[in-house]
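*Asks:* Would you be able to build a 3D model of this:
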Amino acid sequence: KIMRIHWNNMSSIITQALQATAVLSAALWFKVFATNIGLGGAKNNAGTRPAEDTYQKNAAEATEEDKTNLDRAQRIVNNDLENIPYTMVLAWGSMYCITVAGAESHAFAQIVLYTIFVASRFAHSIVYIKGLSTARSIVWLFGAMCSFGIAINGAVASFKI
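*Replies:* Got it, this is the predicted structure:
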């Protein structure tokens, strides 16, 4: 049995959920790109880029602050890699199930959960840069809970197809 999505008959809340998922995914990608650029700068300042990158500081010239900033930037990138790709896949899988099922109540939940997830990922990087351990754990937990919520929301919607 082939599923056909009738785009002209799709409800506005499902359309809004698709649009929100697309915009939020783009925002996450820009955030990931920015943190990777930040990591490159931190590596440059700490003198840890490849030898052919002669414009960087010499490792011996790097201060303790440069080394601390490098470690922090690397941890931010690693944490993003551990959380963002998986949740993006879950969000789009959930959106597929919601769209095919025409599950309007799940569309609203998608918008709320994915928005909170994206906001928590931005907040996570900010509090990580500032060295706020408790706040970092709290915003990470909010994001993780939203990841599970997105997965559950999509799974439940799939049973309405």
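*Asks:* which intervals of the chain have sub-threshold pLDDT?
*Replies:* In the predicted model of the chain, residues 1-9 satisfy pLDDT under 70.
*Asks:* In it, which helix is the longest?
*Replies:* With secondary structure taken from DSSP state H, the chain has its longest helix at helix 64-101.
*Asks:* Now do the helix or strand just after that one: distance to the chain's middle.
*Replies:* Next along the chain after helix 64-101, taking DSSP states H and E as the criterion, comes helix 104-130. Averaging C-alpha positions (CA atoms, centre = their mean, to the nearest Å) puts helix 104-130 8 Å from its chain's average.
*Asks:* buried ones in helix 104-130?
*Replies:* 106-121, 123-125, 127-128 (16 or more other CB atoms under 10 Å). All C-beta atoms are positioned from the backbone trio N, CA, C, and that covers glycine.
*Asks:* Same check on stretch 51-70?
*Replies:* In stretch 51-70, counting by 16+ other CB under 10 Å, buried: 56-57, 62, 66-67, 69-70.
*Asks:* Mind listing residues that contact it?
*Replies:* 39, 42-49 (CB atoms under 8 Å, 6 or more residues apart in numbering).
*Asks:* Could you check how far that stretch is from the centre of its chain?
*Replies:* 28 Å.
*Asks:* With stretch 83-98 instead?
*Replies:* Centre to centre, stretch against its chain (CA atoms, centre = their mean), the figure for stretch 83-98 is 11 Å.
*Asks:* With that, I have no additional questions.
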